[in-house]
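J.: generate a structure from the sequence data that follows.
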Amino acid sequence: MAADNDPESEVFEITDFTTASEWERFVSRVEEVLNEWKLTENYVEKTSPEKGAYINGSWGEQSLDIHFADFKFYITHHFLKEDCKTENGKSEEDMLPLAMQDLLCMHNDFPPRAHCLVRWYGLREFVVISPGANCEAIISESKCNLLLSSVSMSLSNSGCQVPMFVQIQQKWRRIYAGECQGPGVRTDFEIVHLRKVPSQYNHLSGLLDIFKSKIGCNLLPLPPVDIAIRYTYILQDWQQSSWPQQPPDFDTLLGGEVGGVEFGNLPFGACEEPISELHLATTWPHLTEGIVVDNDVYSDLDPLQAPHWSVRVRTADNLQCLLGDFITEFFKLCCRKESAEEILGRGNAEEGGQENSDISSALSKLTEPAAQVPLSKLSVSSMVHNARRRIRRHRHVDESPLHIDMLNSILLYLFPDAAVEKSSDKEKTTQGNSCRTSEQEKSPDDNLFLQLKSAPCDSLTYRLALCLCMVNYSYGGLAAVAHLWQEFVLELRYRWENNYLIYGLTGGPPDLRCCLLHQKFQMLNCCIERKRARDEARKAQEGNRERERKVSGGRASASTTRETPQGKSWDSWSDSEDEFFECLSDQGEMESSHSETGKDSSKLKADGRLHPYNNMTLLHSAELLYVPVTQEPAPMTEDQLEEQSEVLAKLGTSAEGTHLRARMQSACLLSDMESFKAANPGCVLEDFVRWYSPRDYVEEEVVDGNGSTVIRGELSARMKIPGNMWVEAWDTARVTPARRQKRLFDDTKEAEKVLHYLAMLKPGDLARHLLPCLLHAAIMKLKQEESVENIPSVEKSIQQAASQANKLLHSANYDYKKLEDFINQLVTMETVIAEARSLKAKFAVNEEEDNGQAADELEKFVISLLEEPEVVVLGAGQARIGRIIHRLFINAQRAALLAPVDDDLEPAAESRKIPDFPPPAGREILLRMCVPRPAPYSKALPQRLFCVLMKDEFRLAGAFSADTSFF
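T.: Just a heads-up that it's a prediction; the model follows:
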């Protein structure tokens, strides 16, 4: 009793048996997602979708991860983006859920591109729960029922009227089970999938029996079933198609290659048939049970009588296209690191060593104080060509990566002026080519090279890129590229040594808007031009001296002979110090000092004048102010400018560095001052500023002592700053005409720099330099081919590609991943053009040129086939396009079935047995009706069965609605 009265004995433990299970948590999580996506709100105001909305409309998708215990699922919401429209006259209670309305909608049967559930059930909005990426499929029946019960509970608790599906079985089978709930109604979605079609259900009548038995309606008589049928026929055998490429011509130099073209042109097009299949879908959209007969012995479904035809094409996978292959293979060269020596290999060790020593020591031998051989034999060109001759003598023809005939043809294409024998003709040819190139730059298409930092069309650099691309792909690969480049550089050296301008380059300094390699070629051309000008001036001077000797009786002939070195001609040895002083000689200093001391006492002789400058006179004398002959500034390529900028930046900001930087930048100013002093004896700095920089000479009107107004001038404020560079340069400038100054631009030195740079260039680096030119040529080729086919989508893509290439090719370091993606875009455009060309040939677009309207109709149809998933054939089989398609099928059928023709059968009798179309590859039958279910007094609800009959597949996708209030 004492224990009973103890208050602690009244305390007892309470066990909570209401803890949520994993299944309840899963159901709750699904409900949360439905509420988060706002799918519990019922949009009964929406109307049925318009015709074509599933094709032309935009589909949206949102997805989340959910878990059932440790099993991962994806829950995805698919919906058609559309505006809500109000529909008057019906209350919410009278409206069925949208999904049930869509089951009976006939506006969007058989959409070409949509989710499979959209095609089977016609839904515009639904939710799918599918296993995660690495999770096993839901195969067991118990698990399937558990998921379906979860879906049913979620829909019931949340009031969501959007149908929800669960993917079961293996994913490739595409089997879904689902449910849709509404006020007093429910629709169950079921799918049957078999590998073979049962014989009793291989026709319409058998499928109708399945549909009616599944509905199980006892109402008599049953309303008629609405039927929509689509048969798909596949054409794979193209009998009248032409070759995508011309067959190779083995008699030509470039023969033996499919798609082989001449130098200067890139190949284009597919190497195989780009269109693999044509699918013809014949549709009977609105039929009623009893109107059409289709059973195991007879069928009314003749494709020629179908009221609706639509066509789609299937393109070949991994289509090989020539332009894409050429560019891709050349792009691979950019990643190669081998040098030309490593690729071509060294020859005989002794011979090679001797030859290389001859070439490498060429410059040192030229500058030796005492030469043991005549100077004419020490020129770089003679040494290079002697070594080249020995290399060729020891190298067998068969060992050359590039055949000698091919090599000569390529060099002749690159340097067509080499075929002209006379030098005057060469000059005319080169000048004409330069003018033509300048005119081309004015056209919009040719200005594309400015966007891509390439080179002008038909320039040497542009043609070199095309040749190297062709050689790399078809005539030897990397070794042939190295061989051609070696011969190309030797040809450039030959032209430099022999004063031949390089064909295909515009005159003037290097164009910094072009690629670096093109700038190097232009720099070498500038050197040749300067060298030719000096040699011509020297020849003219020698001619004048010769005439003077004849007039004076030859008094100066002996001294001239003694002064000229033996064996030294101006053609082979043009950089003479008699014309330009490379260093300050003692004699020059003596002459300079003598001139400076004597300029006050006697009037110096003017030298190097061009013409008077605006009739101005010198400030301290009455002599006219003359414009002097000056040296042209030294041209520079972009890498030289960058190098110069780095050097100037490294000088720092100290006073000494600033002064040194100013002196380095004033070399051209000092040269002009010396020329000005030589042309205008007695001049002062103010005279030079009046000509060189008029804004730095300030003039103003003042009144003198006599009261008259006079104009007086003085230097600007910046010229009067202490330590001004102009004043210092003027004080140090000597009286030296331009022809006797040290050269600002040493063409010999710069030419050797360029030739050395080119000779040391690796094939991989060469490919990187020429890649902009090749992409430029590819875009131009695509433009040319697209203009023939007239494909708007490709035209727009080409414009976008040019803009994208502008960003990729102007960067200092190429992004190879982005460049690879860009090349793939070009390949895609080439593929589309090849597909259009193939389709036009099959539909005989060119044969309808006499009939302009028919040709336009066919061309528009072909373009639509490439841009749209499915194209409707207006007029079906009775229209012009329909008849062409019919003829294609007839030809394919006869070719396929006449091959094993029996000799005893007559051709006429055999041809009558051949059907126009093959058996349909796929049959789709859609059955719909609205009946009360499950009882005759239930509410009439939509019922739907979608049937797919193929060779290896039999699928029934049913949606069966039932009244949950009156059952």
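J.: what's Lys807 sitting at in phi/psi?
T.: Backbone torsions of Lys807, given as degrees, to the nearest 10, read phi -80, psi -40.
J.: secondary structure class for the residue sitting nearest the centre point of the chain?
T.: Most central in the chain under C-alpha atoms, centre = their mean is Phe822, positioned 4.0 Å from the mean C-alpha point. The local conformation at Phe822, judged by DSSP: H, G, I helix; E, B strand; the rest coil, is helix.
J.: quick one, phi psi at the nearest residue in space to Leu610 that is not next to it in sequence?
T.: Sequence neighbours aside, Val627 is the residue nearest to Leu610 in space, at 4.5 Å (criterion: C-beta to C-beta, 6 or more residues apart in numbering). Every residue, glycine included, has its C-beta placed from N, CA and C. Note on Val627: backbone dihedrals following degrees, to the nearest 10 are phi -80, psi 130.
J.: distance check, Val627 against Ala53.
T.: Look at Val627 and Ala53: by C-beta to C-beta, to the nearest Å, they are 79 Å apart.
J.: for stretch 290-299, buried residues please.
T.: Buried positions in stretch 290-299, judged by neighbour count with 16 or more other C-beta atoms under 10 Å: Asp294.
J.: excluding chain neighbours, what is closest to Tyr233?
T.: Per C-beta to C-beta, 6+ apart, closest to Tyr233 is Leu280, 4.6 Å.
J.: what lines up beside the helix or strand encompassing that neighbour in the sheet?
T.: Assigned by DSSP states H and E, Leu280 falls within strand 275-288. Strand 275-288 pairs in its sheet with strand 226-235 (antiparallel), strand 308-315 (antiparallel), by DSSP bridges.
J.: dump these to JSON lines, plus mean pLDDT, mean neighbour count and distance to Ile66.
T.: Converted to JSON lines, the strands paired with strand 275-288 look like this (pLDDT from 0 to 100; neighbours: other C-beta atoms under 10 Å; distance: least, C-beta to C-beta, whole Å):
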{"stretch": "strand 226-235", "mean pLDDT": "94", "mean neighbour count": "20", "distance to Ile66": "37"}
{"stretch": "strand 308-315", "mean pLDDT": "93", "mean neighbour count": "18", "distance to Ile66": "37"}
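J.: closest to Ser838 out of these?
T.: Distance to Ser838, taken as C-beta to C-beta, is lowest for strand 308-315 among the strands paired with strand 275-288, at 9.4 Å.
J.: can you list the neighbours in contact with that closest one?
T.: 112, 274-285, 831, 835, 839, 865-866, 869-873, 876-877, 882, 885 (C-beta atoms under 8 Å, 6 or more residues apart in numbering).
J.: turn the buried ones among those residues into a named PyMOL selection, would you?
T.: Remark: buried members of the contacts of strand 308-315, expressed as a PyMOL selection using 16+ other C-beta under 10 Å:
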select buried, resi 274+275+278+279+280+281+282+283+284+285+831+835+839+865+866+870+871+872+873+876+877+882+885
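J.: and the strands paired with strand 275-288 as a markdown table, adding distance to Gly57?
T.: Below are the strands paired with strand 275-288 laid out as a markdown table (distance: least, C-beta to C-beta, whole Å):
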| stretch | distance to Gly57 |
| --- | --- |
| strand 226-235 | 20 |
| strand 308-315 | 18 |
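J.: if we can go back for a sec, how far off centre is the strand holding Leu280?
T.: 37 Å (C-alpha atoms, centre = their mean, to the nearest Å).
J.: now swap in stretch 543-553 and tell me
T.: The answer for stretch 543-553 is 65 Å, by C-alpha atoms, centre = their mean.
J.: kindly report the same for stretch 279-290.
T.: Between the mean C-alpha location of stretch 279-290 and the chain-wide mean there is a distance of 44 Å, by C-alpha atoms, centre = their mean.
J.: contacting residues around that stretch?
T.: 106, 109-110, 208, 224-235, 292, 301, 303, 306-314, 870, 876-877, 885, 889, 921.
J.: one more: stretch 466-475?
T.: By C-beta under 8 Å, 6+ apart, stretch 466-475 touches 254, 257, 260, 263-266, 325-327, 329-330, 333, 402-403, 406, 410, 413-414, 478, 480-481, 484-485, 766-767, 770, 773-774, 777.
J.: point out where the stretch 51-200 of the chain drops to low pLDDT.
T.: Residues of the stretch 51-200 of the chain meeting the criterion pLDDT under 70: 83-94.
J.: one more time with 80, if that's ok
T.: 82-95 (pLDDT under 80).
J.: residue ranges of the helices in it, please?
T.: 53-56, 98-104, 116-121, 141-158 (DSSP state H, counting those that start in this stretch).
J.: which one of those lies nearest to Leu516?
T.: Closest among the helices of the stretch 51-200 of the chain, using C-beta to C-beta: helix 53-56, at 49.8 Å.
J.: can you tell me what sits against the closest one?
T.: Residues contacting helix 53-56 (C-beta under 8 Å, 6+ apart): Leu80, Glu82, His107, Asn108, Pro111, Pro112, Arg113, Ala114, Val118, Arg124, Pro869, Glu870.
J.: which of those residues count as buried?
T.: Buried among the contacts of helix 53-56 by 16+ other C-beta under 10 Å: Leu80, Asn108, Pro111, Ala114, Val118, Arg124, Glu870.
J.: spatially, what comes nearest to Pro307 if we skip its sequence neighbours?
T.: Ala876 (6.1 Å).
J.: so what's that neighbour up against?
T.: Thr282, Ala306, Pro307, His308, Trp309, Gly882.
J.: likewise for Asp916?
T.: Contacts of Asp916 (C-beta under 8 Å, 6+ apart): Pro303, Leu304, His886, Phe889, Ile890, Gln893.
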